[in-house]
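Asks: got a predicted structure plus its sequence, pasted below:
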Amino acid sequence: MLAAVASLPEYYLTPEEYLARERKAGSKSEYIDGVMYAMSGASEPHNVIAGNLIGELYIQLRSADCRVYPSDMKVRVPDSTRFFYPDVSVVCGKPKFADDRKDVILNPVLIVEVLSDSTAAIDRGKKFQAYQEIESLAEYVLVSQDEHLVEHFVRQSASWLYTKDRPAEASLNLPSLNISIKLEDIYRYAL
């Protein structure tokens, strides 16, 4: 989760300076246009939802050539001035990394963010705008941690198709992965 910063720092970091600091840090920070933003801890429902999604994705994709990553894997936007820690990301085929450290992926097919009151605007705004620059990204999913509500964006050449699923009996269909996940499985033990 991205925490708001009260004031701008006196200087900006290059992407290389950010990565050097981040790799030594004891906590996570995202990087947007030269500024590091500390991430706060996540709530119990947030962690349960993310864990459920990782489990469901792993089970359904284990025979595919896809890897499911938790929130410790950074994603870099192509212009190199933005690095994020999505709650869940999936890479199909050979993963592309920013360097030999293999802690920054460049080619996610799916990104999932679990929303909270403090992150919803950023996840819907700056992050989604940045994520759209990733050529490989086919789907972006926003999952509410407070109610059965999943918002789903699917890339349609130059635009994004938006759908919203609410009832617990509904399913999240992920056409780029050729799988479907029931909302009741996403929210099990979370609400």
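Replies: Received, thanks. The model shown is predicted, which means the values in this text are computed figures rather than measured ones.

Asks: mind telling me what element residue 147 is part of?
Replies: Under the criterion of DSSP states H and E, residue 147 resides outside all helices and strands.

Asks: list the contacts of the residue lying closest to residue 165 once chain neighbours are set aside.
Replies: The spatial neighbour of residue 165 that comes closest, neighbours along the chain excluded (C-beta to C-beta, 6 or more residues apart in numbering), is residue 150 at 4.6 Å. The way it works is simple: take the backbone N, C-alpha and C, and place the C-beta from them, glycine included. Taking C-beta atoms under 8 Å, 6 or more residues apart in numbering, we find residue 150 in contact with 141, 142, 143, 144, 164, 165, 166, 170, 172, 183, 186.

Asks: next one: residue 57
Replies: 68, 88, 90, 110, 177, 179, 181.

Asks: how close does the last one sit to residue 81?
Replies: It refers to residue 181. Distance, residue 181 to residue 81, using C-beta to C-beta, to the nearest Å: 33 Å.

Asks: do the same with the second one
Replies: Per C-beta to C-beta, residue 88 is found 23 Å from residue 81.

Asks: of the two, give the one with the bigger neighbour count.
Replies: Applying other C-beta atoms under 10 Å to residue 88 and residue 81 shows that residue 88 carries more neighbours, namely 25 against 17.

Asks: among the contacts of residue 150, which ones are in helices?
Replies: Judged by DSSP state H, those include 183, 186 as members of helices.

Asks: please enumerate the helices of this protein.
Replies: Counting by DSSP H, one finds helices in the chain at the ranges 15-24, 44-61, 120-122, 128-131, 183-186.

Asks: mean confidence score for the fourth one?
Replies: Which is helix 128-131. For helix 128-131, mean pLDDT is 96.

Asks: which residues are in contact with it?
Replies: Outside helix 128-131, the residues within contact range by C-beta under 8 Å, 6+ apart are 32, 75, 77, 82, 84, 111, 137, 140, 153.
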